[in-house]
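Asks: With the input below, show me the fold.
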Amino acid sequence: MASRWSSPSLRPSVRHRPSDQSEDSRLDGVSARLHARWLTAVTCSVVLLVAATACESERAGGSEPRTGFVFIGDFGSGDAGEAGVSSAIRSWVRDRPFDALVTLGDNIYSDGSPSQFEQAWNEPYGWVEDAGVQVVASLGNHDIHTANGGPVMDLFDMPNRWYGRRVGPVDIFVLDSNDLTAEGQLEWLSTALASSSAPWQVLVFHHPVYSCGKHGSTPRVQHELLPVVASEGVDLVVNAHDHDYQRFPATNGTTYVVSGGGGAGLYPVGDCPADTPNPVAWNDDFHEFLYVSATATELTGTAVSASGTVLDSFRLQKLDKS
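Replies: Numbering: from 1, shown residues only. Model (predicted):
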């Protein structure tokens, strides 16, 4: 296990802002907030430059089986940035559950052409398919420049531009945020969420609901999706498009994360646009991925840099309704 840096100037520049919302409780010194739908969101102690997070160490020795996911966004650059993240993922999951790789779009730069598949996917991530790990992919804006995304959909065996996938205790709902108003997409989402029997519902698409990065929040996404999320209940929304990491305070029981540092050039995080909460944690200095681990009662998230540094961690818990 790596040791902490002794000099503060050498510590990674992940930052934490205090939330505008007050905390409702504290659990054993770990900040917590109670949310609707019997859900507790806990911000775990962040241990920088250590291979295991506080969330994981607190669960060590637990008997409940865990399912593991890696989320990557804006990654298909085919360069050293992507290779570094892929290598970090491979090291991270060596002794952790790894059941699905979830892509957040912009899988193949610069235009989703098959001529780029080898460099942008097969070389850096061929090991994932060789290991028998399923890939749950979504489309980004760069992916649809060639044949409206058809080649990228074929590459990842996507059954549709929007679809659902049950992996362990998690229902993953993939959307095409390039055109949320496409006929049938939002109607499908409402029906699928309402009928979900999984303990956890995770929504995945490219353009961020909230972001304080280069592109900012996406008003059309907020307009179309926030009413559905609020009415049907979603535990976690993971987006990309801005090439950085941001985690926002839970809103009506839903946690929002941007994880777009998968390989392409990084974007700075700055002032937040109107109607966008301040992120509680963000990083714009290091390429990264998001690792999520879930049981029927707990979901943990860990943002990890290409060097294996833990940048941020959080935990969501289902509380006993009784």
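Asks: Can you get me a residue count around the residue lying closest to Ile72 once chain neighbours are set aside?
Replies: Of all residues not flanking Ile72 in the chain, Gly262 sits nearest, at 4.0 Å (C-beta to C-beta, 6 or more residues apart in numbering). Bear in mind the C-beta positions are built from the backbone N, C-alpha and C, glycine included. When counting by other C-beta atoms under 10 Å, one arrives at 31 neighbours for Gly262.
Asks: next one: phi and psi at Gly262?
Replies: Backbone torsions of Gly262, given as degrees, to the nearest 10, read phi -80, psi -10.
Asks: list the contacts for it?
Replies: Applying C-beta atoms under 8 Å, 6 or more residues apart in numbering, one finds that Gly262 lies in contact with 72-76, 81-82, 85, 104, 240, 287-289.
Asks: tell me which of the residues you listed is nearest to Phe173?
Replies: Leu104 (13.1 Å; C-beta to C-beta).
Asks: Could you double-check that the closest one lies in contact with Asn141?
Replies: No - if you go by C-beta atoms under 8 Å, Leu104 and Asn141 don't touch, sitting 11.7 Å apart.
Asks: Pick out whichever of those two has more residues nearby.
Replies: Leu104 (31 against 17).
Asks: what touches both of Leu104 and Asn141?
Replies: Common neighbours of Leu104 and Asn141 (C-beta under 8 Å, 6+ apart) are His206.
Asks: separation between Val204 and Ser63?
Replies: Val204 is 29 Å from Ser63, where distance means C-beta to C-beta, to the nearest Å.
Asks: neighbour-wise, which of those two wins?
Replies: More crowded of Val204 and Ser63, by other C-beta under 10 Å: Val204, with 24 against 5.
Asks: Contacts only, for Leu186.
Replies: With C-beta under 8 Å, 6+ apart, Leu186 has these contacts: Leu180, Glu224, Leu225, Val228.
Asks: As CSV, those with neighbour count, distance to Thr295 and pLDDT would be great.
Replies: As requested, the contacts of Leu186 are arranged in CSV below (neighbours: other C-beta atoms under 10 Å; distance: C-beta to C-beta, whole Å; pLDDT from 0 to 100):
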residue, neighbour count, distance to Thr295, pLDDT
Leu180, 20, 31, 97
Glu224, 17, 32, 97
Leu225, 22, 27, 96
Val228, 17, 26, 95
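Asks: dump the residue contacts of the residue nearest in space to the middle of the chain.
Replies: By C-alpha atoms, centre = their mean, the chain has its centre lying nearest to Val238, at 4.1 Å. For Val238, the contact set (C-beta under 8 Å, 6+ apart) comprises Phe71, Gly73, Val102, Leu104, Val202, Leu203, Val204, Val257, Val258, Ser259, Leu290.
Asks: wait, is the last one part of a strand?
Replies: This means Leu290. Yes - judged by DSSP: H, G, I helix; E, B strand; the rest coil, Leu290 forms part of a strand.
Asks: Quick check: bridge partners of it?
Replies: Beta-bridge pairing for Leu290 (DSSP bridges): Phe71, Ala303.
Asks: I'd assumed Val85 was in contact with it.
Replies: No - with contact defined as C-beta under 8 Å, Leu290 does not reach Val85; the gap is 10.9 Å.
Asks: Overlap of the contact sets of the two?
Replies: Shared contacts of Leu290 and Val85, counting by C-beta under 8 Å, 6+ apart, come down to Ile72.
Asks: Confirm Glu187 sits in a helix?
Replies: Yes - membership of Glu187 in a helix is supported by three-state DSSP.
Asks: Can you tell me, leaving aside adjacent residues, what's nearest to Leu180?
Replies: Leu180 sits nearest to Glu224 (C-beta to C-beta, 6+ apart), 4.5 Å away.
Asks: Pretty sure that neighbour sits in a helix.
Replies: Yes - counting by three-state DSSP, Glu224 is part of a helix.
Asks: quick thing: my sequence starts at 109, can you match it?
Replies: In the new numbering, first residue 109, that becomes Glu332.
Asks: Contact partners for it?
Replies: Leu288, Thr289, Leu294.
Asks: who's in contact with the first one?
Replies: When you say that, I think you mean Leu288. With the criterion set at C-beta under 8 Å, 6+ apart, Leu288 makes contact with Leu294, Arg328, Val329, Glu332, Leu333.
Asks: how about these in CSV, adding distance to Gln224?
Replies: Formatted as CSV, the contacts of Leu288 follow (distance: C-beta to C-beta, whole Å):
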residue, distance to Gln224
Leu294, 31
Arg328, 28
Val329, 27
Glu332, 30
Leu333, 30
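Asks: Lovely, talk soon.
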